[in-house]
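A.B. asks: Next comes the sequence, and after it the predicted model I'd like to discuss.
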Amino acid sequence: MPQSSRQRLLEAAIAIIDESGEAGLHVREAAASAGLSVAMVRHYFTDREGLVTAARAEQYRRSMYVSMPELTRILADAKSVEDLKATVRPVFDSFLTAEFFDRRMSRASALGASYRRPDLARELELIHRETSAAIGGILLIAQERGWLRPGLNPQVACMLYYGIINSRVLIESWADEDFQAEWNELAIEAIFNMYFGPDHGK
């Protein structure tokens with residue numbers, strides 16, 4: 001299906017931000033990259049700020065939803081809580097690797113950019129609500145099967161999970177490999193304790 005003009009502009013803006021950062025996003029370049037006129041940017045996004053906000057929000061939304069298909073598949077295939085733990089652990093581990101550094105930094109950057117941008121802050125709030133409801137719904141299925149710790153609020157657990165994963169940016173610019181590996185183990189332990197209870201490994 002061909003992309004709409006709005007989607008082409010949005011994809012161009014996201015690509016520029018990915019490559020050059022927000023400061024590198026200029027309306028003329030984004031329009032040219034999308035094969036459209038500057039007037040189309042004004043039509044869909046009003047101005048540069050509107051384009052930046054939309055691009056940042058879409059980047060953030062995509063990064064938050066990236067694990068959903070995999071988690072849905074894992075839960076559908078799991079036959080027991082032990083099966084669930086064994087299959088979800090590599091997924092959690094992968095999200096803490098260097099390969100996901102750009103995703104974590106992009107989220108941190110979007111959150112920082114929202115500090116003085118009410119429109120972006122509102123968009124991110126909506127994304128957080130959507131994500132916690134969607135992934136919370138997946139977790140609720142596991143909870144109904146008796147696989148998650150009793151009394152766990154799946155939506156709260158979802159957002160705490162993201163908080164743990166995203167907080168890895170605090171050590172990535174300075175900590176050595178051993179420090180980062182220990183941090184990963186503690187992070188996974190915290191996540192497993194949250195989902196399955198403190199006796200999850202016993």
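C.D. replies: That came through fine.
A.B. asks: Every contact and neighbour count from this point should use C-alpha atoms.
C.D. replies: Will do.
A.B. asks: tell me the contacts of residue 154?
C.D. replies: Residue 154 makes contact with 132, 135, 136, 137, 139, 140 under the criterion Cα atoms under 8 Å, 6 or more residues apart in numbering.
A.B. asks: so what's the fourth one up against?
C.D. replies: Yep, that's residue 137 we're talking about. 154, 155.
A.B. asks: ok, longest helix in the chain?
C.D. replies: In the chain, taking DSSP state H as the definition, the longest helix is helix 118-144.
A.B. asks: Please, which helix or strand holds the residue nearest the centre of the chain?
C.D. replies: For the chain, the residue nearest the mean C-alpha position is residue 64 (2.4 Å; Cα atoms, centre = their mean). Assigned by DSSP states H and E, residue 64 belongs to helix 48-65.
A.B. asks: Contacts for that helix next, please.
C.D. replies: For helix 48-65, using Cα under 8 Å, 6+ apart, the contacting residues are 10-11, 13-14, 22, 25-27, 41, 45, 103, 106-107, 110, 119-120, 123-124, 127, 131.
A.B. asks: Go through those and flag which are in helices.
C.D. replies: 10-11, 13-14, 27, 41, 45, 103, 106-107, 110, 119-120, 123-124, 127, 131.
A.B. asks: Any of the residues you listed buried? List them.
C.D. replies: 10-11, 13-14, 27, 41, 45, 103, 106-107, 110, 120, 123-124, 127, 131 (16 or more other Cα atoms under 10 Å).
A.B. asks: And those, which two are furthest apart?
C.D. replies: Distance extremes for these: the farthest pair is 27 and 131 at 30.1 Å, using Cα to Cα.
A.B. asks: neighbours around residue 148, how many?
C.D. replies: A count of nearby residues for residue 148, using other Cα atoms under 10 Å, gives 23.
A.B. asks: can you tell me which residues contact it?
C.D. replies: Counting by Cα under 8 Å, 6+ apart, residue 148 touches 142, 195, 196, 197.
A.B. asks: Who wins on neighbours among those residues?
C.D. replies: Among the contacts of residue 148, residue 195 has the most neighbours (other Cα under 10 Å), with 24 neighbours.
A.B. asks: so residue 108 makes contact with residue 163?
C.D. replies: No: Residue 108 lies out of contact with residue 163 (Cα atoms under 8 Å); the separation is 10.6 Å.
A.B. asks: The two: which is more packed in?
C.D. replies: residue 108 (16 against 11).
A.B. asks: Please tell me how far the spatially closest residue to the more buried one that is not a sequence neighbour sits from residue 137.
C.D. replies: Distances taken as Cα to Cα, 6 or more residues apart in numbering put residue 166 closest to residue 108, at 7.3 Å, once the chain neighbours are dropped. Here the criterion is Cα to Cα, to the nearest Å. By it, residue 166 lies 21 Å from residue 137.
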